[in-house]
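> I would like the atomic coordinates for the input below:
(one chain, ligands or ions: 1)
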Amino acid sequence: MKALVIYEHGGVDKLCYDEIPEPPIRDSDVLVKVEACAMNHLDVWVRKGLPHLKIEYPHVLGSDIAGVVERTGRDVRGIEKGMRVLVSPGVTCGVCEHCLAGRDDLCRDYKILGENIPGGCAEYVAVPKENILPMPEGLTSEEGAAIPLVYLTAWHMVVVRGGIKPGETVLVHAAGSGVGSAAIQIAKLYHAIVIATAGTNKKVERAKTELGADHGINYKTHDFSKEIRAITGKRGVDLIIDHTGEVNWQGNIRSLTMGGRLVICGATSGHEGMTDLRHVFFRRLSILGSTMGSKADLREALKHVSTGRLKPVVSKVLGMSEAAEGHRLLEERDVFGKIVLIPD
Ligand SMILES: [Zn+2]
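Next up is the predicted model:
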């Protein structure tokens with residue numbers, strides 16, 4: 001089969017659209033014929049190499065899979081050939097205390113399709129049956145692929161870690177990113193007042209008109225923490241959703257109201273955040289880490305996709321052989337929503 005693979009870490013020139021063997025399936029696996037696979041910043045990290053990442057080559061990229069069931073293992077019930085499906089990107093042991101408690105995101109054996117194990121940028125991918133979800137009605141495969149990883153991550157950040165309450169004021173950074181565009185919509189489900197930041201006026205406008213943000217700030221032209229003070233009448237926000245890290249860290253700490261929560265799931269701008277600890281204890285702030293989410297989080301989010309309240313945001317669709325272009329666009333942040341790859 002054709003697959004988007006790397007044989008070593010490096011630049012976009014290391015991406016190869018090559019012929020590799022079709023993956024074998026175990027008795028508890030489902031073989032999915034891939035129709036679309038969305039990109040995440042994770043694809044860029046995996047291509048470049050991560051300190052503790054050990055993978056087998058050729059390594060197939062891609063974590064966000066939509067497709068059709070091709071074949072099922074002997075122990076699989078209730079999933080039939082021809083079903084349109086989405087794939088939950090986190091593969092876990094299924095038997096540890098965290099998995100059994102429904103917090104499989106805390107499993108010590110947590111693996112992500114396309115990161116630690118072969119991903120979905122291929123004609124076929126074999127995944128455990130637990131990772132199969134029915135495709136919500138009315139979505140194309142490209143739209144479906146734009147959902148799993150970012151909605152899982154954003155749901156866990158906003159709802160589970162952030163503990164959002166109706167009517168709170170929420171700051172979401174990088175509205176044009178996958179997680180940002182999902183977090184704005186989830187916060188609006190809770191009738192929050194959402195302030196979104198983005199790097200261009202056009203993205204700020206789209207965050208308001210297309211995603212429902214109440215206020216927008218161009219972080220390139222304005223100091224966002226000053227703008228937050230003005231918008232909230234010096235009160236600050238209850239909850240901040242961030243994956244940018246270092247560049248916004250001190251502004252984030254300044255922008256939280258008494259008892260505010262900052263949830264961070266990444267550090268794309270750098271990972272050294274300086275914190276004046278006096279703010280943390282005087283204002284009773286909570287700084288909360290988050291990575292991915294549980295399979296149940298994704299199921300919760302999908303209910304609202306089915307009713308049309310949460311929408312996938314597709315920025316661009318490219319062939320898998322054009323993945324280098326997708327990597328460049330992601331690295332240059334020249335996107336609003338998800339880049340989706342389809343088999344050529
Ligand atoms: Zn486990």
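> Near the ion, which residues of the stretch 101-250 of the chain? Just list them.
Within the stretch 101-250 of the chain, the positions near the ion by Cβ under 5 Å from the ion are Cys107. Yep, even glycine has a C-beta here, placed from its N, CA and C like the rest.
> if we go to 6 Å?
Asp104, Cys107, Asp109 (Cβ under 6 Å from the ion).
> Give me the PyMOL select line for the residues you listed, limited to the buried ones.
The buried residues among these can be selected in PyMOL (16 or more other Cβ atoms under 10 Å) with this line:
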select buried, resi 104+107
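> would you list every one of the helices in the stretch 101-250 of the chain?
141-145, 148-155, 178-189, 201-209, 224-231, 246-255 (DSSP state H, counting those that start in this stretch).
> could those helices go into TSV alongside mean pLDDT and mean neighbour count?
Output for the helices of the stretch 101-250 of the chain, formatted as TSV (pLDDT from 0 to 100; neighbours: other Cβ atoms under 10 Å):
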stretch	mean pLDDT	mean neighbour count
helix 141-145	98	25
helix 148-155	98	28
helix 178-189	97	27
helix 201-209	98	18
helix 224-231	98	18
helix 246-255	97	20
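> residue with max distance from the center of the chain?
Phe282 (32.8 Å; Cα atoms, centre = their mean).
> could I get the helices of the stretch 101-250 of the chain as JSON lines with distance to Thr169?
As requested, these are arranged in JSON lines below (distance: least, Cβ to Cβ, whole Å):
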{"stretch": "helix 141-145", "distance to Thr169": "30"}
{"stretch": "helix 148-155", "distance to Thr169": "17"}
{"stretch": "helix 178-189", "distance to Thr169": "9"}
{"stretch": "helix 201-209", "distance to Thr169": "15"}
{"stretch": "helix 224-231", "distance to Thr169": "8"}
{"stretch": "helix 246-255", "distance to Thr169": "10"}
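> Quick one: residues contacting Met274.
Trp249, Gln250 (Cβ atoms under 8 Å, 6 or more residues apart in numbering).
> what about it, helix or strand, and which?
Under DSSP states H and E, no helix or strand contains Met274.
> What's the separation between it and the ion?
35 Å (Cβ to the ion, to the nearest Å).
> ditto for Leu211
Distance from Leu211 to the ion, by Cβ to the ion: 34 Å.
> try Asp43
From Asp43 to the ion the distance is 25 Å (Cβ to the ion).
> Specify the local secondary structure of that residue.
helix (DSSP: H, G, I helix; E, B strand; the rest coil).
> I figured it hits Gly114, correct?
Yes. Applying Cβ atoms under 8 Å, one finds Asp43 in contact with Gly114, separated by 6.8 Å.
> overlap in contacts of these two?
What both Asp43 and Gly114 touch, as defined by Cβ under 8 Å, 6+ apart, is the set Leu61, Gly62, Ser63.
> Please flag which of those sit within strands.
Among these, DSSP state E puts none in strands.
> now those residues as JSON lines including pLDDT?
As requested, the shared contacts of Asp43 and Gly114 are exported to JSON lines (pLDDT from 0 to 100):
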{"residue": "Leu61", "pLDDT": "98"}
{"residue": "Gly62", "pLDDT": "98"}
{"residue": "Ser63", "pLDDT": "98"}
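> List just the nearest of those to Val172.
Ser63 (21.6 Å; Cβ to Cβ).
> pLDDT added to the residues of the stretch 101-250 of the chain next to the ion, as a markdown table?
Converted to a markdown table, these look like this (pLDDT from 0 to 100):
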| residue | pLDDT |
| --- | --- |
| Asp104 | 97 |
| Cys107 | 98 |
| Asp109 | 96 |
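> So which of the residues of the stretch 101-250 of the chain next to the ion is the closest to Lys208?
Among these, Asp104 lies closest to Lys208 (Cβ to Cβ), at 35.4 Å.
> got a list of what the nearest residue to that closest one once chain neighbours are set aside touches?
Nearest non-adjacent residue to Asp104, counting by Cβ to Cβ, 6 or more residues apart in numbering: Thr92, 4.3 Å away. Contact partners of Thr92, counting by Cβ under 8 Å, 6+ apart, are Cys99, Asp104, Cys107, Asp109, Tyr110, Lys111.
> how does it look with 6 Å?
Neighbour list for Thr92: Cys99, Asp104, Cys107, Tyr110 [criterion: Cβ atoms under 6 Å, 6 or more residues apart in numbering].
> Test my guess that the first one contacts Arg108.
Meaning Cys99. No. Assessed by Cβ atoms under 6 Å, Cys99 is found out of contact with Arg108, at 9.7 Å.
> Between the two, point out the one with more neighbours.
Cys99 (21 against 10; other Cβ atoms under 10 Å).
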